[in-house]
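Q: Kindly return the folded structure for what I paste below:
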Amino acid sequence: MDTSLRRPTLTIALCFIVALIEGFDLQSAGTAAAGLRQSFELDPKMLGWVFSASIIGLLPGAFFGGWLADRIGRKKVLVAAVILFGVFSLWTAYVATYNQLLLARLMTGLGLGAALPNLIALCAEAVGEQRRSTAISIMYSGVPLGGALAAVVAMFSHDHWQMTFIIGGLAPLLAVPLMLVMLPESRAYQQAGAVLQRPSTSSALFGEGRASATLMLWLAYFFTLTVMYMLLNWLPSLLIGQGFSKPDAGLVQMLFNIGGALGSLLGGMLLDRGSPQRVTLCIYAGLLVSLAGLGLSVGVTAMAIAGFAAGLFVIAAQLVLYALAPPLYPTAVRATGVGAAVAIGRLGSVSGPLAAGQILAAGAGTAGVLLAASPGLVVAALAAIHVMRRSGQATESVSAPLQKAGS
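A: This next block holds a predicted model:
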C-alpha cells in the first residue's frame with residue numbers, strides 16, 4: 001500500500017478499535033445494571049448515582065484531555081486515557097463497597113472523556129480536507145457498535161455481571177501496546193509543535209472571530225447529546241412503560257445501536273459529498289420524525305423500525321457536530337476546541353436523563369418526554385447551520401478548514 005494511504009488508514013483503523021472499546025465501556029454499567037443492583041443492594045437512587053458517576057467524569061476528561069493534547073501530543077494523551085479507563089473498568093469488577101464502585105465509575109468516565117477529543121483530532125488530521133467527515137464517521141461508528149457488543153455480552157453472561165467489566169478493562173489494556181507501536185502521531189500537530197507560543201485557552205476558543213461559532217457549536221452539542229443520552233438511558237424503560245416486554249425492549253435497544261453505527265457512516269459520507277446544510281436539516285428532521293415514531297408506535301415491528309431510525313439519526317446528528325468542530329480551530333489548539341465542545345455536550349448528557357426522569361415523575365409519560373426533546377433539536381439544527389455559514393462552509397464539505405484555521 002502507498003505510504004500516503006497507509007498512514008491515514010492505520011490511524012483511522014486504530015482509532016476505530018479504541019472507539020469500539022470506548023462504546024463498550026460507555027454502556028457497560030447500563031447493561032450490567034441488574035447485577036450491580038443485586039450485588040450491592042442498590043435502590044434506584046443509588047443506581048442512578050452509579051450511572052451519573054461515569055458521566056460526570058466525562059466532562060473534565062474531555063476538556064482537559066483536549067487541552068493537554070495540544071501541549072504534549074494527541075497520541076500520548078490518548079494512550080494515557082485508554083490505560084486509565086481500562087484499569088478502572090477492570091477494577092469495577094472487583095470493588096467491594098458502594099463508594100469504591102462510584103470511584104471506579106468516576107475514574108473510568110475521566111479516561112473515556114479524555115479519549116474522544118483525541119480520537120476526533122487524530123482522524124481529522126490524518127486525511128485531506130475532503131475526507132475529514134468520512135474519516136471521523138468511520139472512527140465514530142465504533143462507539144455504537146461497542147454499545148451493541150456490550151448488550152450481547154450482557155445477554156450471554158447471565159448473572160456474571162463482572163464479565164462485562166473484565167472484558168471492558170482487558171480490551172483497552174491489550175490495545176495499548178498496539179497503539180504504542182503502530183499509531184502515528186498527527187503530522188499536523190508535529191508541525192504545529194514548532195510554534196513556540198501557543199494562544200491561551202480563551203483565545204483559542206473565542207479569538208480571531210470564533211466566539212459566535214464556538215458558542216453556537218456548544219449549543220448544538222448540548223441539545224443533541226441531551227436527546228442522545230436521554231434515549232440511551234431511558235429507551236428500555238420508556239418501552240416497558242408502553243407495555244412492551246423486556247426482550248422486545250432489548251431488541252429495540254440493540255437496533256438503536258446498530259442504526260447508530262450505520263448513521264455514523266452514512267452521515268460522514270453524505271457530508272463529504274453533498275450540501276452540508278441540507279444534510280444537516282434532513283438528519284435533524286429525520287430524528288424528529290423517529291422520536292414521534294417512538295411515541296406513537298404500538299406494535300413491536302413499528303417500534304423496532306422507529307428505534308433503528310432514532311439511533312441512525314441521533315448518531316448521524318452527533319457525527320455532524322464531531323465533523324464540524326475540528327476545522328474551526330487552528331491545529332495548535334484544535335484538541336482544546338474539540339475537547340471544550342465535547343465537554344459542553346457532556347453537560348447535555350447529564351441533563352437529558354435527569355430531565356427525562358423529572359418529566360416522567362410529573363406524569364407526562366413517554367410522549368411527554370419525547371415532545372419535550374423536540375424544541376432542543378430544532379435549536380441544535382439551527383445552531384449547527386449557523387456554524388457552517390460562519391466558517392465559510394456553506395458550499396463546501398463541512399470538514400473544509402477555516403481560512404484562518406488552516407493547519
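Q: When you work out contacts or count neighbours from here on, use the C-alpha atoms and nothing else.
A: Fine.
Q: other SSEs contacting the lowest-mean-pLDDT helix or strand in the chain?
A: When each helix and strand of the chain is scored by mean pLDDT, DSSP states H and E, helix 187-192 comes last, with a mean of 77. Counting contacts by 3 or more CA pairs under 8 Å, 6 or more residues apart in numbering; DSSP states H and E, helix 187-192 packs against helix 98-126.
Q: buried ones in stretch 151-159?
A: Residues 151, 153, 154 are the ones in stretch 151-159 that count as buried (16 or more other CA atoms under 10 Å).
Q: and the residues you listed, which of them are in helices?
A: If you go by DSSP state H, these have 151, 153, 154 in helices.
Q: which residue sits closest to the last one, ignoring its sequence neighbours?
A: If you skip the residues right next to it in sequence, residue 154 has residue 31 as its closest partner in space, 5.9 Å away by CA to CA, 6 or more residues apart in numbering.
Q: residues contacting residue 119?
A: Going by CA atoms under 8 Å, 6 or more residues apart in numbering, residue 119 touches 15, 19, 78, 139.
Q: Tell me which two in those residues are the farthest apart.
A: Greatest spatial distance among the contacts of residue 119 (CA to CA): 78 and 139, at 14.1 Å.
Q: Contact partners for the residue nearest to residue 127 when sequence neighbours are not counted?
A: Counting by CA to CA, 6+ apart, residue 8 is the residue found nearest to residue 127 once chain neighbours are left out, at 6.0 Å. If you count contacts by CA under 8 Å, 6+ apart, residue 8 has them with 123, 126, 127.
Q: Return the member of those residues nearest to residue 250.
A: The closest of those, once distances to residue 250 are taken by CA to CA, is residue 123, at 32.2 Å.
Q: any idea how far residue 140 is from that closest one?
A: Counting by CA to CA, to the nearest Å, the separation of residue 123 from residue 140 is 10 Å.
Q: Which one's more surrounded, the two?
A: Counted by other CA atoms under 10 Å, residue 123 and residue 140 do not tie: residue 140 has more neighbours, with 35 against 30.
Q: just checking, the residue nearest to residue 154 touches residue 156?
A: No: when contacts are counted by CA atoms under 8 Å, residue 31 is not listed as touching residue 156 (11.4 Å).
Q: Residue 347: neighbouring residues, count only.
A: Neighbours around residue 347, by other CA under 10 Å: 19.
Q: Please, which helix or strand holds it?
A: Using DSSP states H and E, residue 347 sits within helix 334-361.
Q: So which elements touch that helix?
A: Helices and strands touching helix 334-361, by 3+ CA pairs under 8 Å, 6+ apart, are helix 44-72, helix 98-126, helix 201-206, helix 211-241, helix 365-390.
Q: same thing but at 10 Å, please
A: When contacts are defined as 3 or more CA pairs under 10 Å, 6 or more residues apart in numbering; DSSP states H and E, helix 334-361 packs onto helix 44-72, helix 98-126, helix 201-206, helix 211-241, helix 300-324, helix 365-390.
Q: which parts of stretch 350-361 are buried?
A: Buried, per 16+ other CA under 10 Å, within stretch 350-361: 350, 351, 352, 353, 354, 355, 356, 359.
Q: Looking at the residues you listed, which is nearest residue 271?
A: Closest approach between these and residue 271, by CA to CA: residue 352, at 26.8 Å.
Q: In space, what's closest to that closest one - neighbours in sequence excluded?
A: Using CA to CA, 6+ apart and skipping residues adjacent in sequence, the residue nearest residue 352 is residue 226, 4.2 Å away.
Q: Please tell me I have it right and that neighbour contacts residue 369.
A: No: counting by CA atoms under 10 Å, residue 226 stays clear of residue 369, with 11.7 Å between them.
Q: Residues that sit against both of these two, list them.
A: 352, 355, 356 (CA atoms under 10 Å, 6 or more residues apart in numbering).
Q: Those residues into JSON lines, with extra columns for distance to residue 364 and pLDDT?
A: Shown next, in JSON lines, are these (distance: CA to CA, whole Å; pLDDT from 0 to 100):
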{"residue": "352", "distance to residue 364": "15", "pLDDT": "80"}
{"residue": "355", "distance to residue 364": "12", "pLDDT": "81"}
{"residue": "356", "distance to residue 364": "10", "pLDDT": "78"}
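Q: about what we covered before: looking at the contacts of residue 8, which one is closest to residue 241?
A: When these are ranked by distance to residue 241 (CA to CA), residue 123 comes first, at 40.5 Å.
Q: could you measure the closest one against residue 320, distance?
A: Separation of residue 123 from residue 320 (CA to CA): 14 Å.
Q: How about residue 25?
A: According to CA to CA, residue 25 stands 23 Å off from residue 320.
Q: These two: who's more crowded?
A: Between residue 25 and residue 320, residue 25 has the larger neighbour count (other CA under 10 Å), namely 31 against 28.
Q: what's near enough to touch the more buried one?
A: Counting by CA under 10 Å, 6+ apart, residue 25 touches 19, 31, 54, 85-86, 89, 108-109, 112, 143, 146-147, 149-150, 164-165, 167-169, 171-172.
Q: how much distance is there from stretch 353-366 to the middle of the chain?
A: 23 Å (CA atoms, centre = their mean, to the nearest Å).
Q: typed the wrong thing, it's stretch 135-149
A: Averaging C-alpha positions (CA atoms, centre = their mean) puts stretch 135-149 9 Å from its chain's average.
Q: That stretch: end-to-end distance?
A: Using CA to CA, one end of stretch 135-149 lies 22 Å from the other.
Q: Same question for stretch 18-34.
A: Taking CA to CA, stretch 18-34 runs 27 Å from one end to the other.
Q: List the buried residues for it?
A: Going by neighbour count (16+ other CA under 10 Å), the buried part of stretch 18-34 is 18-33.
Q: quick one: which of the residues you listed sit in helices?
A: The helices, defined by DSSP H, take in 18-26, 28-31, 33 from those.
Q: ok, which pair from those residues is furthest apart?
A: Using CA to CA, the two most remote members of these are 18 and 33, lying 23.5 Å apart.
Q: I'd say residue 43 and residue 98 touch.
A: No: taking contacts as CA under 10 Å, residue 43 lies outside contact range of residue 98: 11.6 Å.
Q: Now do the same contact list for residue 358.
A: Under the criterion of CA under 10 Å, 6+ apart, the contact list for residue 358 reads 364, 369.
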